[in-house]
Every structure is written in structure tokens, then in C-alpha cells.
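*Asks:* No sequence on hand, only this structure:
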């Protein structure tokens, strides 16, 4: 039973355009959501996060949107750059932190120059 | 380098041997998590430890797997009598000793291959 779902295994975007990565969750107890970026043969790198009390968090080119009623979040990257090509994982946490993260299967983003 | 350290980066074991994976958390972090990633899958939680204590081991197989985080030294994930299905990337993450700390910072992983 997958509690965090990333339904698009891959996404291709032209350089300079917007990349939108989606994530759905089923567990209402999740109160914090994180996005990680992963290059091959490396560990995941923390990118951006959002608390369930917010609906948007922005950091430079990266913005995460949260729709609690739909149990859906999305990561927007604009403008996309070739260096953004990586696998992006959505993760969720419950019970006010210091608990294990539940990960989606990831979306492989390819930014084409 | 103040990041999470893992070693070895690559480990090859024959079926039936033991595998020991080490993780040193970021400086100032006392919470350690182990995750496993199978090919084309997301990361799956295995075990959560604080110094000298296992907090949550609900994701760890009951047989052959054990973990520790001693007062001194790195956290160790130990797999006894490895089988081919144990081949995976094992990642360690750490988080800070503060209330409501959500962000976890990952090491580069250990890639275990069982032949």
C-alpha cells in the first residue's frame, strides 16, 4: 500500500521552461512534505519542504504547492536548467518530526538543452 | 566535510557472508535513519536510532538484520548470511536534536552486491 505516489516515472522539459512534478498522498496524518533530488550513485539531496499549515513555499527557482483537501503537492522548477536533470523524490512525515520519511518512487526529470 | 559519511561506498559479498555498513551522522546530529533502495524503487525506511537506542525498527526484516548506534563511533547496519535479494543501495540519513526536526540529510549510500 503506497502512501506516497508519484505517478509519472519520467518527465522531459525544454531548457528555460517550467517543470512540474506531482505527488499524491493517502495518509491524513502526514503534516510535513519534502522534495529530494538525486543524481546517480549519490545520496538524495534535500531541496525544499512545506508544512501542512502552508499552501506554498518558495526558494529561488523552486516552489512547492500543497493542496491538503486533494492530498496533492507539486514541485515547480522555473526556469528549468540542464543541471536539474535528476530523479526527484517526494517524501512525507507525520507526528511532528523526528520520524521516518515515507518516499514516493521518484520522477526522472530530463531537461533538454 | 560536515556531511553524513557512509562507508564503504561499494561492498561485494558472496551469499552467506556478513555485510557491515557504517554511517557517521552530520556533526551535531544524534538521530540516524537507515533506508534501502531497490532498483527503480523509492527509498524504504528500515530503522531509526538515537545514541544507544533503537527508536523504531518497524521497517527492518526480523531475521538477519540488526542495527546499532553506540555512544562512541558510527552507526552500524549489519546483515548476516546475505542473500541475492539483499543487493540494494543502503542510505543513512541524520537529523538534528531539536523538537520537530523534519529535514533529514543523506549520505552517499553503500551499494551492496551479493554474488
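*Replies:* Received, thanks. Fair warning: this is a prediction, and the values are worked out from it, not measured in the lab.
*Asks:* what separates stretch A:25-43 from the chain centre, distance-wise?
*Replies:* How far stretch A:25-43 lies from its chain's middle: 6 Å, per CA atoms, centre = their mean, to the nearest Å.
*Asks:* Is it positioned near chain B?
*Replies:* Yes. Counting by CB under 8 Å from any CB of the partner chain, chain B is contacted by stretch A:25-43 at A:32, A:34, A:36, A:41, A:42, A:43. (Each C-beta comes from the backbone N, C-alpha and C, glycine too.)
*Asks:* show me the contacts for the fifth one.
*Replies:* Read that as residue A:42. Residues in contact with residue A:42, defined by CB atoms under 8 Å, 6 or more residues apart in numbering or on different chains, are B:108, B:109.
*Asks:* Verify the stated contact: residue A:51 with residue A:64.
*Replies:* No. Using CB atoms under 8 Å, residue A:51 makes no contact with residue A:64, being 10.5 Å away.
*Asks:* Neighbour count for these two, which is higher?
*Replies:* Set side by side, residue A:51 and residue A:64 show more neighbours around residue A:64, with 24 against 13, by other CB atoms under 10 Å in any protein chain shown.
*Asks:* Assign the more buried one to helix, strand or coil.
*Replies:* With DSSP: H, G, I helix; E, B strand; the rest coil as the basis, residue A:64 sits in strand.
*Asks:* how close does it get to chain B?
*Replies:* Using CB to the nearest CB, to the nearest Å, residue A:64 is found at 13 Å from chain B.
*Asks:* Could you give the bridge partners of that residue?
*Replies:* Applying DSSP bridges to residue A:64 gives these bridge partners: residue A:57, residue A:75.
*Asks:* neighbours around residue B:36, how many?
*Replies:* 21.
*Asks:* who are the neighbours in contact with it?
*Replies:* Taking CB under 8 Å, 6+ apart as the test, what residue B:36 contacts is B:43, B:44, B:46, B:88, B:89, B:90, B:91.
*Asks:* Now with 10 Å, please.
*Replies:* B:43-46, B:59-61, B:65, B:77, B:86, B:88-91, B:109, B:112 (CB atoms under 10 Å, 6 or more residues apart in numbering or on different chains).
*Asks:* How about residue B:26?
*Replies:* Residue B:26 neighbours (CB under 10 Å, 6+ apart): B:1-5, B:32, B:93-96, B:104-105, B:107.
*Asks:* now those residues: which count as buried?
*Replies:* Among those, the ones that count as buried by 16 or more other CB atoms under 10 Å in any protein chain shown are B:4, B:5, B:32, B:93, B:94, B:95, B:96, B:104, B:105, B:107.
*Asks:* for the residues you listed, which one is nearest chain A?
*Replies:* residue B:107 (5.2 Å; CB to the nearest CB).
*Asks:* Now list whatever residues contact both of residue A:51 and residue A:64.
*Replies:* Here residue A:51 and residue A:64 have A:33, A:57 as joint contacts, going by CB under 10 Å, 6+ apart.
*Asks:* so what's residue A:33 up against?
*Replies:* A:4, A:23, A:25, A:48-52, A:54, A:57, A:64, A:66, A:73, A:75, A:90-93, A:101, B:102.
*Asks:* I meant residue A:89, not that one.
*Replies:* A:4, A:6, A:21, A:23, A:34-38, A:44, A:47, A:101, A:103-107, B:37, B:42-43.
*Asks:* Low-confidence regions, the chain specifically.
*Replies:* Just going to use chain A. Scanning chain A for pLDDT under 70 picks out the ranges A:95-96.
*Asks:* My question was about chain B, not that one.
*Replies:* B:1, B:98-101.
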